[in-house]
Structures are given as C-alpha cells and as structure tokens.
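A.B. asks: Just a sequence and a predicted model for now, questions to come.
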Amino acid sequence: MTKKEFSFNDAVNEIETILHNIESGDLDVDKLAVEVRRASELIKQCQKKLRTTEDEINSIFKDLT
Amino acid sequence: MAENVSLTELQLIIRDSLYMALPDFYWVIAEISELNDNNSGHCYLELIEKNPEEKNVKARVRAIIWSNRYRFLKAFFENSTQETLREGLKILIKVKIEYHELYGLSLIISDIDPAFTIGDMAMKRQLIIKQLEKEGVFTMNKDLPFPVVPQRIAVISSKKAAGYTDFVDQLKNNSLGYVFYTHLLETSLQGIETEHGVISALDKIAINASLFDVVVIIRGGGSQSDLSWFDNYNLAFHVTQFPLPVITGIGHEKDVSVTDLVANKSLKTPTAVADFLIDTISEAENYINEMSSEIVEVSRVIIEKNRNMIETASIKLLPMTRLMLSDVKEKLSACILEINNTGKALIYKASLIPANHRSILGSTIKSVLSGKLMSLEINKSNLNSSAIKLLNSSSMRVNGLESLLQILKPENVLQRGYTITSFNGEIIKNAELLKPDDIIDTQFIDGVLKSKVFGKKT
C-alpha cells in the first residue's frame, strides 16, 4: 500500500460512509452541512490527485537507477 | 569382397544401398538444436533427439531446407504457429534421406506440420501450468487486489521498441487528463535472454515496490511473437510471487503464454494495456462523481423537506396565536366584570354596618379606658406607700451606718487605747515586717513616740 493509494482509498471509503449516513435520514440539518462540506473537500482532493502531477513522485522516479 | 575400393566408391555404394533400401520419405519428430539461414537462402539445421529424463542427446543428424522450399515453409510455419523456426522447437517434418560422398548423411526437409509444434508447445505449457497449480502459486498474482488508481507504473519493455514509446505517449496524452508516472526497465523480450532479463527487471522493481502501483510487461507486436519464450516455468513462477499486480501486453494474436495466464491481467497489446489503465482510473472517478451527485440530490431533498416543515408551521402560527389571544381576552373581560359586581356588593354590605359598630365601639372604648384609669390610681397609691416605706428603711440604715462609722473613726479607735505603728512613713500591720534596731513611730491619741525595736517577744 502506498501513500497515494492509502489516501485515495480512505477518501472513497469516507465519502461512501457520508453518503450512507445522509441516505439513512438520521442526520439533522446542522450535521448535514458539515458532512456535505467534508465530502466535497474529499472529492476535490481525489480529483486533484488524478490530474495534478506531484513533483515529489516525478523526482523519485528520476532518481531510480 | 577381394578388391580394394576407393573411399568415393565406398560412399557411393553406401549411398546406393541407402537409396534402394529407404527410398521413401519419412515424417520424423525432432528438435532443432541449431539453425542457420544465411545469405544463400538455404536453411541448414542440426536436429537432435533428447533423452526425456536425463536430457542428454540420443541422436543427431544434419538437415537442409533448400531455399525455394524454405521461403514457403518458413512463412507457412510462422503464420500457423506465430513462432519463428528456431532452436529449441520440436518439429514434425517430412524428410528424404540424402547421402553425399562428400557431406555424408543429411535429411532434406520438404514439408512441416505446424500443428505438431503447436501441440508440443501447448503440452509444454500445460506441464508448466500443472506444476504451478500443484505448488499452489498459480493464482497468487491474480489474487492481488488491483489498485483503484494505478498511476505509478513500472514498465518492463525491450529497448525503446515502438510498443514502449506508443504506450508512454498514450498515457501522457490521455483525453481525460489523468497523470501517470512511468519508469522503464529495459530488457530483451525475445530470445533466450528473455527469462533472465525479465526476472532481473522484476527483482529490481521488487526492491522499490512501494514506489509503484503496478508492473507492466509490454512489447510491440510483430508477425513473429515468439510467445514460447514466455512459456517458461521460472519466469511464470516469479510473476506469481510478485508483490504488485503484473499486467502483460506482449502482443500475441491467437495465443496466451503461461506468463499471461498467471499475470493479474493479460491483454493483447501495449495499447490495450494503456487503455485498461486509463479506464480503471476513469471508473474510479465516475464512482466518486456518482456519489457526489447522490449526496447533492439527497441533501436537496432533506433541505426541501425541512423548508416545507418550517413554512407549514409559520402559516399555522399567526391564526393560532390570534385565536389564543382572543380566548385570553374574553376570559380577562369576564374576570373584570365579576370583580366589579362582587366588589360593589361587598361595599354595599359594608356600608350598612358602620352605624352599629360605631356605638359599640364607643362604649367598649369607654369601659376599657375607665378600667385602665382605675388600675392606674391603684398603682399610684401603691407606689406612694412603697416609696415611703423604702425611704424609712433607707434612713434607718443610713443612721445605723453612721453610728458604726463613728465607732470606727481612727480618733475614736485611738481614744479607746489602740495605737498606729509606722516605719519609714508606712503603716505596719504585721510584726514580722520589723527587724531589731528598726526605728518606728507610734501614734497615740495625744501624740507620736519614736522607739527602737529590741526584738520579738517570746
């Protein structure tokens, strides 16, 4: 498991949990805003990971013999 | 045989005997141990048969495929098997015996049955598969979970082959804008060095396994794919043991090698592999987007529901409040009315009583007052008599005290014969306070005498 994989998988799991919570109808309106905000943040992070080059990884690959 | 013969003659005799005894052609199974097709266009081979158990050579012969025949058979064979005619292959060939006085025995190959080679290769493949299954390792790489986002890719490919460049380009320029990181480990993917080359590349990747998500083995397609280099037990075994998922795209149209079978994913070409990687990430993104839409949708419903509740409540609020207020107002008015009436009635009742009460009040007051006056008079006379008694007894006490005082006056005491002794100006009451030779003063009624103390009287 790598650092990247770790955060992406975790993010997906967390988003699934949030969706499940919202669908179950147990959330009050205040919590709803917090959870949706969190989900939105995670989604943004995931999309960023998919499309933004990480210089760190690039330099590691360059150094590989 | 009495005569001597020349060598040539002997050779010719052998040749003729051979041709007479074995005029036909034979279909023979043999393994190619050497193959040379030089500029002449002819193909010169060495064929052997190995002892299956001990792998040592049991029989060996030279063979030739003349150029015109070779052109045809080579193409035919390679089309059918997708393998080049080469050392190591077992073949089924139609041969004619040729014996030459100069070159000795050789077989002239006129035909070949590719199906045999295919069957032989398939059988070898089966043996390797069975071996891996028996060892319980066959599915180990296939069982590894494929990464949700395979972005960091170790590529095992031959030196800058077209397959590799296209692969990297495809990933770099994918239409969805995904980012991939690739690292190339170069090795030959054809020929006898394949096994060792790929295994050492895998070993190098394994050292840095945490830096990668998947391994990809790719090579450009060609008409001859020589897949059997990947029908290799050692190579396949290494793939099963590898800690990261291995994807193969080694470009074979019809067949799959053992390495393909044990790999986590096996695809036909490097292009297909690149597509697969892009699709995998695309799926992950789609999943997230779907969830995102779900969240928005469900949230909207919840907010709508809440808004309706509030609106309904607020609509009901005003009229209900009004109702309550008017209710209370009514009750209040009724109370006020009752208070008024009750009050008036009470006041009226009260106004009838005062006159009666006034006279009773008057007489009561008078009797109370006179009673008080009388007791006051009694107290006064009591006080007088008590006061007089007190005065009398007091004056008697005073008189008594006066006479006592007279008796105790110092002059009267002295007159009766008592004296007052003093020493150094101080009155002495105790004899012990004086010592012999002390000078004392003694006061009589008629004067003071000075005397010296002798001592205590015993």
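C.D. replies: Sure thing, it's come through. The shown structure was predicted, so the numbers you read here are calculated from the model rather than taken from an experiment. Numbers count the residues shown, from 1 in each chain, chains lettered A, B, ... in the order given.
A.B. asks: ranges for the helices of the chain?
C.D. replies: No chain was given, so I picked chain A. Read by DSSP state H, chain A holds these helices, from start to end of the chain: A:3-24, A:29-51, A:55-63.
A.B. asks: hm, I was asking about chain B
C.D. replies: Chain-ordered helices for chain B, with DSSP H as the definition, fall at B:7-21, B:67-81, B:114-134, B:162-172, B:194-207, B:233-241, B:258-262, B:270-352, B:354-408, B:410-415.
A.B. asks: and among those, the most buried is which?
C.D. replies: Among the helices of chain B, ranked by average contacts under mean count of other CB atoms under 10 Å in any protein chain shown, first place goes to helix B:258-262 (a mean of 25). In short, each C-beta sits where N, CA and C put it, glycine included.
A.B. asks: per-residue confidence at residue 51?
C.D. replies: This is for chain A. Looking at A:Arg51, its pLDDT reads 90.
A.B. asks: try again with chain B
C.D. replies: On the pLDDT scale, B:Asn51 is placed at 87.
A.B. asks: For it, which residues are in contact?
C.D. replies: B:Val57, B:Lys58 (CB atoms under 8 Å, 6 or more residues apart in numbering or on different chains).
A.B. asks: what's the answer for the one 10 residues further on, then?
C.D. replies: B:Val61 sits next to B:Ala30, B:Glu46, B:Leu47, B:Leu105, B:Ser106, B:Leu107 when contact means CB under 8 Å, 6+ apart.
A.B. asks: now the second one: how far from B:Trp66?
C.D. replies: Plainly put, B:Glu46 is 17 Å away from B:Trp66 if you go by CB to CB, to the nearest Å.
A.B. asks: With neighbour numbers in mind, choose between those two.
C.D. replies: Neighbours per residue (other CB atoms under 10 Å in any protein chain shown) separate B:Glu46 from B:Trp66, with B:Glu46 holding more: 17 against 14.
A.B. asks: how about the nearest residue to that one, chain neighbours excluded?
C.D. replies: Taking CB to CB, 6 or more residues apart in numbering or on different chains as the measure, B:Glu46 lies nearest to B:Glu34, with 3.9 Å between them; neighbours along the chain are not counted.
A.B. asks: one step back: of the contacts of B:Val61, which is the nearest to B:Ala236?
C.D. replies: Ranked by distance to B:Ala236 (CB to CB), these are led by B:Ala30 at 26.6 Å.
A.B. asks: I'd assumed B:Arg86 was in contact with the residue nearest to B:Glu46.
C.D. replies: No. B:Glu34 lies out of contact with B:Arg86 (CB atoms under 8 Å); the separation is 10.0 Å.
A.B. asks: before we move on, the earlier item: so who does the residue nearest to B:Glu46 touch?
C.D. replies: Counting by CB under 8 Å, 6+ apart, B:Glu34 touches B:Tyr44, B:Leu45, B:Glu46, B:Glu87.
A.B. asks: Enumerate every residue touching the closest residue to A:Leu42 other than its chain neighbours.
C.D. replies: Spatial nearest neighbour of A:Leu42, excluding adjacent residues (CB to CB, 6+ apart): A:Ala11 at 4.5 Å. Contacts were defined as CB under 8 Å, 6+ apart; by that measure A:Ala11 touches A:Leu42, A:Ile43, A:Gln45, A:Cys46.
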